[in-house]
Structures are given as structure tokens and as C-alpha cells.
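Peer 1: Any chance you can model this:
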Amino acid sequence: MTAPELRYAILAAQREGNRQLALALTPMEVTPSQAEVIIVLGEHGPTTLKGLGGLLVCETGSPSRLVDALVKRGLVDRIDNPMDRRQVLLQLTKEGRKLRPKIQAAEAMIDENLRAAFGDDLLRDLVERTRAFLAGSNAGAALARRFGRRVERSAALGPIVRLLMSRFRTRRGSAAGPVLWRSRL
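Peer 2: Numbers count the residues shown, from 1 in each chain. Predicted coordinates:
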């Protein structure tokens, strides 16, 4: 397998997984991105819009439009922050809390398909290597905040990550982390 094939295989797998999840969520009338907001708010409790944005993988930047749609549907509430009256906290409503287990069941089906296709050992290895690849990126930071563990680089993996980071740049031209497009050398 070549690097370009791997890139496209990852992209195709992400799209297929998203398609399967969207299909499973259709009866609930939520998108995969809205489902992620509901799951994150259920796991992390009331949080600010900025705090929510830092935990989401589906959305870079501010998730305000996602939240607005969920507020209109009655699945998320905006409440005053008792610690800072200038801030608003987001939390699930009763309806949002009732929907969360259904979303988790839909996600569990996708997760089971991944386990069946790859097995637990390969899944762990893929997650570790993907996290190492994403180290230093916004998406990697969101994963670390969301799942609460840092990338553990093995002695052999460290030089690979450094090489990737030296060859890849973000759009701003910094070495903030490896991305899927190559900088001009």
C-alpha cells in the first residue's frame, strides 16, 4: 500500500462510517455532528460553547450553528453560568438525555463493525499510530481532551513522528502538526 492509497483509504473509511452513522441516526432526526454534541454534553456535563468546541472532532472552530439547531429542537439548553455571569453553559435537556442512549446504540453498531473488521489488537494499534500522526494538531488535541489520554510514543515511533512533522506543514506554514498535504520543500 502506498501513502496516497492509505490517505484515500482513511478518507473513504471515514466517509463510509459517517454514511452508516447518518443512516442509523435518521429515525432520530439528528446528524452525526449533532449526535457528537449530544454525546459530548452527556459525557462532560454543562460546558461553555468554547469548551464544547474543544472536545468535538466533527467541527473545527465554533460549533454555534450545531448548538443553535439542537436548542431549537429542544435537545440542548443554554443556562447561566453560576461561576461567571458573562458566560452561558450548554447542557442536555430531558429530551436530549433521552435521545443519548439511542445515539450510543447507533454508534455501538459502527464500533462493532470496526471490531469485526480489524480486531481489538489492530484497532488499538491503529488508534495509537493515528494519534501519533495527529500529535500537535488541533484534531489530535481534541482527541486527547475528549478521550483523556495522551499519545504514547514508542521509541521506534518517535523518529517517524518527527520525520512526518518535518515534512508536513499546516496551511499557516507552521510545524504545528502533520497534515495530509505536503509542504514545499
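
Peer 1: Please name every helix or strand in contact with the longest helix seen in the chain.
Peer 2: Longest helix in the chain, counting residues (DSSP state H): helix 94-134. Contacts defined by 3 or more C-beta pairs under 8 Å, 6 or more residues apart in numbering; DSSP states H and E place helix 94-134 against helix 3-25, helix 32-44, helix 138-147, helix 157-167. C-betas here are computed from N, CA, C, even on glycine.

Peer 1: Can you tell me, leaving aside adjacent residues, what's nearest to Ala24?
Peer 2: The shortest distance from Ala24 to any non-neighbouring residue, by C-beta to C-beta, 6 or more residues apart in numbering, is to Ala106 (3.7 Å).

Peer 1: Surely that neighbour and Pro27 touch.
Peer 2: No - in this structure Ala106 lies outside contact range of Pro27 using C-beta atoms under 8 Å: 9.1 Å.

Peer 1: Pick out whichever of these two has more residues nearby.
Peer 2: Ala106 (22 against 9; other C-beta atoms under 10 Å).

Peer 1: okay, that one: pLDDT?
Peer 2: Note for Ala106: predicted pLDDT of 96.

Peer 1: Identify the residues contacting it.
Peer 2: Listed by C-beta atoms under 8 Å, 6 or more residues apart in numbering, the contact partners of Ala106 are Leu21, Ala24, Leu25, Met28, Ala35.

Peer 1: what about burial for those, which qualify?
Peer 2: Neighbour-count burial (16 or more other C-beta atoms under 10 Å) applied to those gives Leu21, Ala24, Leu25, Ala35.

Peer 1: how about TSV for those residues, with pLDDT added?
Peer 2: What follows is these, written out as TSV (pLDDT from 0 to 100):
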residue	pLDDT
Leu21	95
Ala24	96
Leu25	97
Ala35	97
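
Peer 1: check contacts around the most centrally placed residue in the chain.
Peer 2: The centroid of the chain falls nearest to Val57 when counting by C-alpha atoms, centre = their mean (2.4 Å). The contact partners of Val57, taken as C-beta under 8 Å, 6+ apart, are Glu36, Ala139, Ala142, Leu143, Arg146.

Peer 1: Nearest to Ser64 among these?
Peer 2: Glu36 (14.7 Å; C-beta to C-beta).

Peer 1: Let me know the helix or strand that the closest residue to the closest one other than its chain neighbours is in.
Peer 2: Leaving aside its sequence neighbours, Glu36 sits nearest to Cys58 (C-beta to C-beta, 6+ apart; 4.8 Å). Using DSSP states H and E, Cys58 sits in no helix or strand.

Peer 1: any idea how far Cys58 lies from Arg115?
Peer 2: Computed as C-beta to C-beta, to the nearest Å, the Cys58 to Arg115 distance reads 22 Å.
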